[in-house]
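In: Need a 3D model of the sequence below.
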Amino acid sequence: MTSDASVLVVGAGPVGLAMACELLRRGVKTRLVDAAAAPSDRSKAIGVHARTLEALDAMGIADRFVSAGRKVHAVNAYADGARIVHVSLDDIDSPYSYMLSLPQRETERLLGERLQELGGEVERDAKLTALTQDPDGVTATLERAHGETESVRVPWLVGCDGAHSGVRHALGLPFDGVPYAEAFVLADVRIAWELPDDETHAFIAPDGAIAALPMPKGVWRLVCECALTEPRVEDLARLLAERGAPKATVTDAGWVTAFQIHRRIVPRYREGRVFLAGDAAHIHSPVGGQGMNTGIQDAYNLAWKLALVAGGAAREDLLDSYDPERRPVAAATLAGTDLATKVVTLHNPIAREVRNRLGALLAGLEVVQRRMLAEASETAVGYRNSPIVDEHRASVARATVGKRVGEQPTLADWVGFGGAPHPGDRAPDVVIDDATTAFALFRHTGSTLLLFDGAAPTPEGYENLADIARRVRERWDARVDPWIVVPRRSRPPELANTERVLLDPKGAMHRRYGAGSECLYLVRPDGYVGFRSQPASWKALEEHLEMILR
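Out: Here you go, the predicted structure:
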C-alpha cells in the first residue's frame with residue numbers, strides 16, 4: 001500500500017508530463033500514471049505560446065520543440081473579402097517571438113523523452129477509481145487493465161487527467177459552466193493556395209467562421225464552425241470558398257472530428273493534499289489556443305512549490321498560493337476566450353458590421369497590438385495579488401531631487417523603479433552581452449536574487465550588497481542564488497572576493513529592472529518576481545524569505 005514516491009501525478013497528457021518532469025528535475029520522487037494503454041496519436045492542441053516555451057527552456061528542452069515545430073509569425077482575420085486584422089507576432093517580448101505550431105502527440109513525445117532522461121516513466125493501464133485523504137497523506141486506488149487493483153499511499157496527489165477527470169470526480173468538486181450552442185469541425189489537411197504558410201488565417205462570414213493554422217510538414221489545421229458530423233474533403237474546400245478564402249485546393253484529410261466546446265471551471269484548485277491542473281480544473285473555447293498552455297503553466301507554478309514542501313524546505317502554507325495565483329488566470333482566460341468566440345460567431349448583420357469596422361481600427365493601434373501579443377503569448381500573466389509576493393520601498397519623501405547623494409535614490413530613480421516589473425510580474429529577459437541573458441540566470445531550480453548596484457559605485461553600497469549575498473548563501477544556499485549586478489565592464493575591486501558578480505556593461509539589465517539606484521529583486525523558480533526592495537534591504541528580504549522557506 002505504501003509508495004516511496006512523494007507525489008502521485010494522475011494523467012500523462014502534456015500537463016501531467018510537465019508536472020512530473022518539473023518535480024523530478026527538483027529531486028522529488030514522483031509516480032506518473034495514466035488510464036490509457038498508449039499515448040494518443042492525435043494532433044489535438046497545436047499552439048505552443050512564448051511563455052510555455054520559456055518554461056520549456058528552463059526544463060532544458062525548448063530547442064527540441066523549436067526544431068520539431070513550425071514558427072507562426074502573424075495572425076490574420078478576413079471578412080467581406082477584406083483583411084480586417086493583421087497582427088505580427090515578431091514583437092512578442094520574449095526570446096520566442098512567435099507561436100510554435102506542433103501537434104500535441106509531438107509535445108507529449110518530447111516531454112516523455114525528458115521524463116525518461118530524468119529517471120521517470122509513465123505507468124499505463126492504471127485508472128484512478130477512488131481516493132481518500134487525511135492530514136498525513138492520500139490513499140489512491142488504481143485499477144489495472146485486467147481488473148487487478150493497487151492501493152497507493154502518498155503524501156501528495158495531482159490530478160492532470162483532463163476534462164473528465166477521475167480525480168475531480170473523486171473529490172466531488174463541481175465543474176461549473178455551460179456548453180456553447182455552436183458546433184465545430186476540426187481537420188488536418190493539405191491546402192494549396194496563395195496565402196503565407198507561416199501565418200494563421202481566419203475567415204469570418206455570416207454562416208460562421210473557418211480558421212486555418214499552419215502545422216509542420218505542410219499540413220494545415222482547419223477549425224470550422226459548422227454542423228457537419230462527417231465532413232469530407234470537398235465539404236471543407238466548399239466551406240473555405242463560401243466563407244471568403246481565396247482559391248484553394250484541399251487534399252489529404254488526416255484527423256477529422258466534430259466537437260462541441262464548453263467553458264467550465266472548478267471552485268478551487270486544492271482540496272487538502274490533492275491538487276487539480278489543466279483541463280481537470282478548467283476548459284474553454286479553443287480560440288487563441290490557450291488551453292494546453294494554461295495547463296502547462298499550472299504545472300510550472302505548482303511544481304516548484306510542491307517540491308520545496310515535499311522536501312521539507314518550505315512551509316506547507318506555500319501551497320495555499322497555488323489557487324489564488326492560477327485560478328484567476330483560468331477565469332480570465334475563460335472570459336476572454338468566451339468573448340472572442342462570441343465576437344467571431346456573430347450572426348446579426350449590424351453587429352457583424354460593427355465588429356469588422358471596430359476590429360480593423362483597434363488592431364491597427366500599436367498599444368492594442370502590444371496588449372494582444374502579451375495576452376496571446378501569456379507573457380502578460382502575472383500574480384500581483386498573490387499572498388506570497390511583496391515589496392519594500394522607501395517613501396518618495398526620502399528621494400533626493402537633483403544631484404545624486406551616495407546610495408540614496410533620486411526622484412527619477414524612485415519613479416523608474418515604480419515603472420519596472422512589480423512583485424508578481426514575469427521577470428523579463430535581457431540580453432546582457434553576447435554570452436549572457438537574464439533567463440540563463442533563472443534556469444536553475446531555485447530562486448535568483450539580483451542585487452543591483454545602481455548608478456552610485458560607493459564602498460558602502462558594495463559592502464551592503466556583498467553582505468546580503470553572503471547572508472543568503474549561508475542560510476539558503478541551495479534555494480536562492482545571489483548575483484551582484486554592476487553596470488561596469490570590469491569587476492570592482494571592492495567585490496574581488498565575492499563569487500557571483502554579473503557585469504552589465506551597457507546597463508541593459510539595470511534599465512529593464514528600473515535599477516537607477518541600489519535595489520534588489522528576488523525572482524522565483526518559475527520566473528516571476530517574488531519580492532523587490534529599493535534600497536536593497538537585508539531585513540526586508542529576510543522577512544519575506546522566512547515567510548516561505550524554512
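In: tell me which strands and helices the host helix or strand of residue 17 is in contact with?
Out: Assigned by DSSP states H and E, residue 17 belongs to helix 14-25. Using 3 or more CB pairs under 8 Å, 6 or more residues apart in numbering; DSSP states H and E, the elements in contact with helix 14-25 are strand 7-10, strand 30-33, helix 50-59, helix 104-117, helix 291-310. To be clear about C-beta, it is placed using only N, CA and C from the backbone, and glycine gets the same treatment.
In: Now stretch 259-272: buried residues?
Out: 261, 263-266, 269-271 (16 or more other CB atoms under 10 Å).
In: Count the neighbours of residue 134 for me.
Out: 9 (other CB atoms under 10 Å).
In: Can you give me the pLDDT of it?
Out: pLDDT for residue 134: 97.
In: closest to residue 134 among the buried residues of stretch 259-272?
Out: residue 271 (12.7 Å; CB to CB).
In: who's in contact with that closest one?
Out: Applying CB atoms under 8 Å, 6 or more residues apart in numbering to residue 271 gives the contacts 171, 173.
In: Is it bridged to anything, and to what?
Out: On the basis of DSSP bridges, residue 271 is bridged to residue 274.
In: sorry, back to before: right, and the helices and strands packed on helix 14-25 - which one's nearest residue 508?
Out: helix 50-59 (18.4 Å).
In: in terms of contact, does residue 259 touch residue 187 like I think?
Out: No - using CB atoms under 8 Å, residue 259 is not in contact with residue 187; the gap is 11.2 Å.
In: re earlier: going by distance to residue 473, which of the buried residues of stretch 259-272 wins?
Out: residue 270 (32.7 Å).
In: contacting residues for that closest one?
Out: 276, 319-320, 322-323.
In: let's see 6 Å
Out: Going by CB atoms under 6 Å, 6 or more residues apart in numbering, residue 270 touches 322-323.
In: Okay, it and residue 178: tell me how far apart.
Out: Going from residue 270 to residue 178 by CB to CB, to the nearest Å gives 25 Å.
In: now, which of the buried residues of stretch 259-272 lie within strands?
Out: Taking DSSP state E, the ones among the buried residues of stretch 259-272 that sit in strands are 261, 263-265, 270-271.
In: I'd say residue 165 and residue 280 touch.
Out: Yes - here residue 165 reaches residue 280: they are 3.6 Å apart, a contact under CB atoms under 6 Å.
In: so what's in contact with these two at the same time?
Out: residue 159.
In: ok, those two, which is more surrounded?
Out: residue 280 (32 against 24).
In: how about the strands of the stretch 251-400 of the chain, start to end?
Out: 256-265, 270-271, 274-276, 282-283, 390-393 (DSSP state E, counting those that start in this stretch).
In: out of those strands, nearest to residue 374?
Out: Minimum separation from residue 374 across the strands of the stretch 251-400 of the chain (CB to CB) falls at strand 282-283, 20.3 Å.
In: can you list the weak-confidence ranges in this structure?
Out: Residues of the chain that meet the criterion pLDDT under 70 lie in 1-2, 181, 339-369.
In: quick one: the longest helix along it to strand 256-265, angle?
Out: Scanning the chain for the longest helix, with DSSP state H as the assignment, gives helix 322-344. Computed by axes from the mean of the first three to the mean of the last three CA atoms, to 10 degrees, the angle separating helix 322-344 from strand 256-265 equals 130 degrees.
In: Which neighbouring elements make contact with helix 322-344?
Out: With contacts taken as 3 or more CB pairs under 6 Å, 6 or more residues apart in numbering; DSSP states H and E, helix 322-344 sits against strand 256-265, helix 291-310.
In: Nearest to residue 410, out of those?
Out: Using CB to CB, those put helix 291-310 closest to residue 410, at 36.3 Å.
In: Give me the neighbour count for residue 407.
Out: 21.
In: residues contacting it?
Out: Residues counted as contacts of residue 407 (CB under 6 Å, 6+ apart) are 456, 458, 461, 518.
In: Which parts of the stretch 401-550 of the chain are helices?
Out: Secondary structure of the stretch 401-550 of the chain (DSSP state H, counting those that start in this stretch): helices located at 411-418, 438-441, 459-476, 508-512, 538-548.
In: Arrange the buried residues of stretch 259-272 in CSV, one row each, with distance to residue 68 as further columns.
Out: Listed next are the buried residues of stretch 259-272 as CSV, based on distance: CB to CB, whole Å:
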residue, distance to residue 68
261, 27
263, 31
264, 31
265, 31
266, 32
269, 31
270, 34
271, 37
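In: and of these, the nearest to residue 285?
Out: Nearest to residue 285, judged by CB to CB, of the buried residues of stretch 259-272 is residue 261 at 5.2 Å.
In: Pull up the gap between the closest one and residue 208, please.
Out: Distance from residue 261 to residue 208, by CB to CB: 14 Å.
In: So for residue 131, which of the strands of the stretch 251-400 of the chain sits nearest?
Out: Nearest to residue 131, of those and by CB to CB, is strand 274-276 at 6.9 Å.
In: what does the closest one contact?
Out: Contacts for strand 274-276 (CB under 6 Å, 6+ apart): 157-159, 168, 266, 269.
In: what's the spacing between that strand and its chain's center?
Out: Between the centre of strand 274-276 and the centre of its chain there are 18 Å (CA atoms, centre = their mean, to the nearest Å).
In: among the strands of the stretch 251-400 of the chain, which is nearest residue 486?
Out: In terms of CB to CB, the element of these nearest to residue 486 is strand 390-393, at 21.6 Å.
In: what's that closest one in contact with?
Out: With CB under 6 Å, 6+ apart as the contact definition, strand 390-393 has outside contacts at 423, 531-534, 537, 540, 544.
In: can you rerun that using 10 Å?
Out: Contacts with strand 390-393, where a contact means CB atoms under 10 Å, 6 or more residues apart in numbering, come from 409, 414, 417-418, 422-424, 519-522, 529-537, 539-541, 543-544, 547.
In: Quick one, which of the residues you listed are buried?
Out: Of the members of the contacts of strand 390-393, the ones counted as buried by neighbours, 16+ other CB under 10 Å, are 409, 414, 417, 422-424, 519-522, 529-537, 540-541, 544.
In: ok, and which of the helices and strands packed on helix 14-25 has the densest surroundings?
Out: strand 7-10 (a mean of 29; mean count of other CB atoms under 10 Å).
In: Partner strands of that strand and their direction?
Out: In the sheet, strand 7-10 lines up against strand 30-33 (parallel), strand 156-159 (parallel) (DSSP bridges).
In: Export the strands of the stretch 251-400 of the chain to a markdown table and append columns for distance to residue 491.
Out: Compiled in a markdown table, the strands of the stretch 251-400 of the chain are given as follows (distance: least, CB to CB, whole Å):
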| stretch | distance to residue 491 |
| --- | --- |
| strand 256-265 | 51 |
| strand 270-271 | 46 |
| strand 274-276 | 44 |
| strand 282-283 | 48 |
| strand 390-393 | 28 |
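In: closest to residue 307 out of those strands?
Out: Across those, the minimum distance to residue 307, taken as CB to CB, is reached by strand 274-276, at 13.0 Å.
In: now the helices and strands packed on helix 322-344 as JSON lines including distance to residue 488?
Out: Shown next, in JSON lines, are those (distance: least, CB to CB, whole Å):
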{"stretch": "strand 256-265", "distance to residue 488": "50"}
{"stretch": "helix 291-310", "distance to residue 488": "32"}
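In: do you know which of these lies nearest residue 246?
Out: strand 256-265 (22.4 Å).
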